[in-house]
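Everything below, folded, please.
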Amino acid sequence: MFKKNSIFSKILSSYILLTLSLITLIIIFSFNIVKDSYIKRLKKNLSTQCEHSFRLIEKEVNLSQFDELNHKVKKISDTIQARITVIDINGKVIVESDKDPLVMDNHSNRLEIKTALSGETGSSIRYSATLHKNMLYVAIPIIKEGKIQFVSRLSVPIDEVHILLNDFKKGIVNSALVVILIALFVTFFLAKQLSRPIKELKGAFEDISQGNLSQNVEIKSSNEINELANSFNLMANKLSQSMVELEDKRHELDTIINSINEALWVQNYDGLLFSCNNSFKKLFPSKRYENKHIWELIYDPDAKSVIENITSQKSDSIKEIKIDNSWFIMSSSKIDEEKVIFVMHNINELKAIEKFKKDFVLNASHELRTPLTAIKGFTQHLEEEANDSDRHYLKIILRNTERLINLVNDIQALAKLEQKPELRTSSIKLNDFLLKTKQIFESKLKESNLTLNISIPSDFPLIEVDCFKFEQIFVNLIDNAIRYTNSGG
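Model prediction:
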């Protein structure tokens, strides 16, 4: 009927358990209290009757006349509906209303008799071997001349007490059942009242979890649950506003990303594509992009190799790659431990400008070399035939012409280096290589009165270089050093 773990079933079962526990405790305690009170009152009545019965017996009959005494005791016993026994201080039964005292055992070991002989009222509940039933015994000491002379004892069957108590118990149980039924009805009503708004809140939370952020809860009460419902409605409204703002920002971000001319995409480190912009889709067309691997979209082996290296290193990087006939700068940035974002910027225009610059430098240096060579040749010819005053100016012209020629040579060498030609490497000893290079400049060093010292450790390892280009570098360095170093250096 009810869900096992629902709020309603828990509240209902808790109330039922609490009600049953309280009623059970009330029945147990009230029954024990009534039982103890009744027995206590019965003992008091028996004690009073005990004393009155003995005084009556003593007044009307001589205790030594046993036949008449027993007759009187039985008559009084029938009147008060209680068994009467008189015992002397030695425990001998001298008067008994229900049995011949001569055949009865000594009573000195009976608990109530011991207590009475000690001067107090004694009582006990035990099974009577004489009457074969449970009895309540009350005994009082009979004191004469300051001494205990006899013990007067009255007893009644305890079964009658049990019958009375059982009737009382049935009354209590019947009353308790009525109270339980009323409590169950009240508990059911309270549990319904408490669980209904909680169920409504639970349903509202489920609606929100499914994306229905317009859900509101209306609970008409003035307790904490109403405050909780109001807080829930406030939370739902703020969440709805936040989701609207978030959706607007997401749409704005998508618009910005799709308006970027550079190809952009996000993938994990295993190559699974999460999202991409329109520029990426134009560059790598496909019918579907969701949950596809990047290798299914980018077929160029160089691009694949670059992406694999970047994802394996898991660090930000920038690489220059060529796909088909287009050049790109590919940059990557780590988003988190699982995702990385890539951006590819087309640099075809930059490459075209760079090629134009190189071509211009090479063409310009080539075109300059011819007139400079002619100027140098004619200047040298004029220098041979010129007088001393003119020769001075011609030397200046010749020196600056050579400087321009060297500058053109450097520009051409730099342009060639930027072309990244193929290297032909081999292992060399640096000391031997530099000594051979030094021999080229022996005459210039002597003319300029300069010294070139080479100091390389003997254990310097072999190096792998392109000998021609490596020599060209040192030739240019040494030539510039000789040209711009003062004589005697």
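
For residue 446, see how far away residue 452 is.
According to C-beta to C-beta, to the nearest Å, residue 452 and residue 446 sit 11 Å apart. C-beta here means a position set from N, CA and C on the backbone, and glycine is covered the same way.

Could you check which of those two is surrounded by more residues?
residue 452 (14 against 10; other C-beta atoms under 10 Å).

give the contact list for that one.
Counting by C-beta atoms under 8 Å, 6 or more residues apart in numbering, residue 452 touches 438, 441, 445, 478.

Go through the residues you listed and flag which are in strands.
Among the contacts of residue 452, no member is found in strands (DSSP state E).

Tell me which of those residues fall in helices.
Mapping those onto helices (DSSP state H) picks out 438, 445, 478.

Of these, which is the nearest to residue 115?
residue 478 (136.3 Å; C-beta to C-beta).

Count residues in the vicinity of that closest one, would you?
Residues lying near residue 478 (other C-beta under 10 Å) number 19.

just to revisit the earlier point, which of the contacts of residue 452 are buried?
441, 478 (16 or more other C-beta atoms under 10 Å).

out of the contacts of residue 452, who's nearest residue 21?
Once C-beta to C-beta is applied, the member of those that ends up nearest residue 21 is residue 478, at 107.8 Å.

Skipping its backbone neighbours, what lies nearest that closest one in space?
The shortest distance from residue 478 to any non-neighbouring residue, by C-beta to C-beta, 6 or more residues apart in numbering, is to residue 441 (5.5 Å).

Surely that neighbour and residue 479 touch.
Yes: Residue 441 lies in contact with residue 479 (C-beta atoms under 8 Å); the separation is 7.3 Å.

what helix or strand does residue 18 sit in?
For residue 18, the host element (DSSP states H and E) is helix 7-60.

Between the ones in helices among the contacts of residue 452, which sits nearest residue 364?
residue 478 (26.5 Å).

How is the protein divided into domains?
Domain ranges of the chain: 10-165, 260-346, 347-421, 423-489, per automatic domain parsing.

which one of these lies closest to residue 234?
domain 10-165 (26.3 Å).

quick one: average pLDDT of the closest one?
Mean per-residue pLDDT for domain 10-165: 76.

what do you get for stretch 232-242?
Stretch 232-242 comes out at a mean pLDDT of 77.

buried ones in it?
Buried-residue list, stretch 232-242, by 16+ other C-beta under 10 Å: 232-233, 236.

Can you show me the helices along the protein?
Under the criterion DSSP H, the chain contains helices at 7-60, 66-80, 111-117, 158-209, 224-259, 278-283, 301-313, 348-385, 388-418, 430-439, 442-447, 467-483.

want to try TSV for these, with distance to residue 135 as columns?
What follows is the helices of the chain, written out as TSV (distance: least, C-beta to C-beta, whole Å):
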stretch	distance to residue 135
helix 7-60	11
helix 66-80	13
helix 111-117	10
helix 158-209	6
helix 224-259	61
helix 278-283	106
helix 301-313	99
helix 348-385	122
helix 388-418	129
helix 430-439	129
helix 442-447	146
helix 467-483	131
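
any idea which of those is most buried?
Of all those, helix 111-117 carries the top mean neighbour count, a mean of 20, counting by mean count of other C-beta atoms under 10 Å.

which residues are contacting that one?
The contact list for helix 111-117 (C-beta under 8 Å, 6+ apart) reads 87, 89, 91, 107-108, 121-124, 126, 137-141, 148, 151, 153.

surely residue 81 meets residue 156?
Yes: counting by C-beta under 8 Å, residue 81 touches residue 156, with 7.2 Å between them.

okay, these two: which has more neighbours?
The residue with more neighbours, out of residue 81 and residue 156, is residue 156; 19 against 10, by other C-beta under 10 Å.

What's the local residue count around the residue lying closest to the more buried one once chain neighbours are set aside?
Distance criterion C-beta to C-beta, 6+ apart; nearest residue to residue 156, sequence neighbours excluded, is residue 82 at 5.1 Å. Neighbourhood size, residue 82 [other C-beta under 10 Å]: 21.

State the distance from residue 100 to residue 139.
20 Å.

Kindly apply the preceding question to residue 89 instead.
Counting by C-beta to C-beta, the gap from residue 89 to residue 139 is 12 Å.

out of those two, which sits in the busier spot?
Legend: neighbour count by other C-beta under 10 Å for residue 89 and residue 139, higher for residue 139 (28 against 16).

hey, what's residue 133 bridged with?
Beta bridges link residue 133 to residue 128, judged by DSSP bridges.

show me what contacts it?
Contacts for residue 133 were tallied using C-beta under 8 Å, 6+ apart; they are 127, 157-159.

Let me know the closest of the residues you listed to residue 485.
Nearest member of the contacts of residue 133 to residue 485, counting by C-beta to C-beta, is residue 158, at 137.7 Å.

That closest one touches residue 137, doesn't it?
No: shown here, residue 158 and residue 137 do not form a contact pair, counting by C-beta under 8 Å, at 9.7 Å.

Residues that sit against both of the two, list them.
Overlap of the contact sets of residue 158 and residue 137 (by C-beta under 8 Å, 6+ apart) consists of residue 125.

From the centre of the chain, point out the most distant residue.
Distance from the C-alpha centroid of the chain peaks at residue 387, with 99.1 Å (C-alpha atoms, centre = their mean).

and that residue, what pLDDT?
For residue 387, the model assigns a pLDDT of 79.

about what we covered before: how big is the angle separating the helix holding residue 18 from helix 158-209?
With axes from the mean of the first three to the mean of the last three C-alpha atoms, to 10 degrees applied, the angle from helix 7-60 to helix 158-209 works out at 170 degrees.

tell me how far helix 7-60 is from the chain's mean position?
Relative to its parent chain, helix 7-60 has a centroid offset of 57 Å by C-alpha atoms, centre = their mean, to the nearest Å.

ditto for stretch 400-415
From the chain centre to the centre of stretch 400-415 is a distance of 71 Å (C-alpha atoms, centre = their mean).
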